[in-house]
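Visitor: Predicted model follows, preceded by the sequence.
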Amino acid sequence: MKKEVVMMVGPTAVPERVLEAMHRPSISHRSPEYTEIHARVRENLKKVFGTKNEVYILTSSGTGAMEAAIQNCFSFGDEVVVPVTGTFSAQFAAMAEAYQLKVKKVMFELGEAADVDKVMAEVTAETRGLFVIHNESSTGVYNDLEAFGKALKDTDTLLISDSVSGAAGLEMKMDDWHIDILLSSSQKALMVPTGLSFISLNDKAWERTKTSNIPKYYFDLKKADEFHKINQTPNTPAVYNVFAVDEALKIIMEEGLENVYKRHEDNTRLIIDGVKELGYDIFPKDDNRASRTLTAVYAPGKAKKIVEELAKKGVIVNTGLPPIADDVFRVGTMGYVYKEDVEAFLEALKEINL
Ligand SMILES: *Cc1c(COP(=O)(O)O)cnc(C)c1O
């Protein structure tokens, strides 16, 4: 039987080498062997984040790291601004509200990227944080973090970015772009099963932890930092996922981050051109802001059916998310996706006539 072509937007395809890295005896998370792996993962994650800051390893899906950012760096009643460009930014806003922050949402039409001037018009001296999703996986649009960083770097406002579906697929320069808190997770471009999330804070963000009054325990990053110094975590981490991410990061470093970004770029280009040739449009309003880790293809009223038909041909992609669940299907180029997979997808799509 032909191998399935898995082009999901998360959880993504896991390379054989990563699966094999988990096929091994268990070890204690307090053993020297664990600390050696933790130390290597820690260094490679810094490269992926483009930072000299530490990157902490949390056992949770990506949402946990979003929660950690709020718990550690904010206080009840803090004013924050959230540009809402789709499902994941709406979730970040809802989470901030659940923690009783005062949330100012800046709404954008689905398929649009967050306009920096429009967002910055809402940021005042009172604004404690700006939450920007790097890559909005629901609409296939990525935001200009560099521009947001530039706008905020000399202010007291923290720039928090969720790069769950960006990091390791899209260029990321946490330090150069002045991102204060950056977070991601294992099951997207990092090609690892769900179970780990990652978060990094710069000095400006650490400073804020001193005054934060929101209760925290499991995600207390000061405690995470104490253990990180000895290459451990406060509680039992998902040790097998750490094996997996260690191997995945080795694969990424062997290919080279620049080459990895280029492969994502090239594959996305092929998909965008390919679907347009077949008469489809993409959902993002501006091709220049179309994501390079997934493509949201516009197929009004037909998306679910197309996803089903593709699956019958062994090509696994995702439907849209509400409210565009049946108008968009999403094709992942995150992580373990190569040109052959893209060609197989386009070939299969060509055979579908609805
Ligand atoms: C997948 C994703 C998340 C995290 O979701 P989890 O299911 O908690 O891992 C958050 N933000 C974005 C942009 C995502 O794509």
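Guide: Happy to help now that I have it.
Visitor: Tell me the residues on the protein that lie near the ligand, please.
Guide: G10, S61, G62, T63, F88, I133, N135, S137, D162, V164, S165, S185 (C-beta under 6 Å from any ligand atom). To be clear about C-beta, it is placed using only N, CA and C from the backbone, and glycine gets the same treatment.
Visitor: Look up how far I282 lies from the third one.
Guide: From G62 across to I282, the span is 24 Å (C-beta to C-beta, to the nearest Å).
Visitor: re the thing from before, nearest to M95 among the residues of the chain next to the ligand?
Guide: The shortest approach to M95 among the residues of the chain next to the ligand belongs to T63, at 7.8 Å (C-beta to C-beta).
Visitor: Now do the same contact list for that closest one.
Guide: Applying C-beta atoms under 8 Å, 6 or more residues apart in numbering, we find T63 in contact with Q91, M95, S197.
Visitor: leaving aside the residues next to it on the chain, what's closest to L354?
Guide: In space, and not counting its chain neighbours, L354 is closest to K302: 5.2 Å by C-beta to C-beta, 6 or more residues apart in numbering.
Visitor: what's the burial count for that neighbour?
Guide: Neighbours of K302 under the rule other C-beta atoms under 10 Å: 16.
Visitor: With the one 10 residues further on instead?
Guide: The local packing of K312 (other C-beta under 10 Å) involves 9 other residues.
Visitor: With N213 instead?
Guide: N213 has 10 neighbours, counted by other C-beta under 10 Å.
Visitor: Let me see the contact set for it.
Guide: N213 neighbours (C-beta under 8 Å, 6+ apart): S75, F76.
Visitor: Going forward, count from 858.
Guide: All set: I'll call the first residue 858, so the last point we hit is now N1070.
Visitor: quick check, it in a helix?
Guide: No - under the criterion used here (DSSP: H, G, I helix; E, B strand; the rest coil), N1070 is coil, not part of a helix.
Visitor: In terms of pLDDT, where does it sit?
Guide: We have a pLDDT of 98 for N1070.
Visitor: measure it to E983 for me?
Guide: N1070 is 17 Å from E983, by C-beta to C-beta.
Visitor: likewise E1204?
Guide: For E1204 relative to E983 (C-beta to C-beta), the value is 54 Å.
Visitor: which residues pair with D1138 across the strands?
Guide: Y1155 (DSSP bridges).
Visitor: what number of residues lie near it?
Guide: Neighbours of D1138 using other C-beta under 10 Å come to 12.
Visitor: What about the contacts of T920, which one has the most neighbours?
Guide: Going by other C-beta under 10 Å, S1054 tops the contacts of T920 with 25 neighbours.
Visitor: Make sure that residue is indeed in a strand.
Guide: Yes - counting by three-state DSSP, S1054 is found in a strand.
Visitor: before we move on, back to that, comparing G919 and I1139, which residue is more hemmed in?
Guide: Between G919 and I1139, counted using other C-beta under 10 Å, the more crowded position is G919 (25 against 22).
Visitor: Outline the domain layout of this protein.
Guide: 862-868+1113-1207, 873-1109 (automatic domain parsing).
Visitor: So which residue is dead centre in this protein?
Guide: V1021 (1.3 Å; C-alpha atoms, centre = their mean).
Visitor: Having no further points to raise, I will conclude here.
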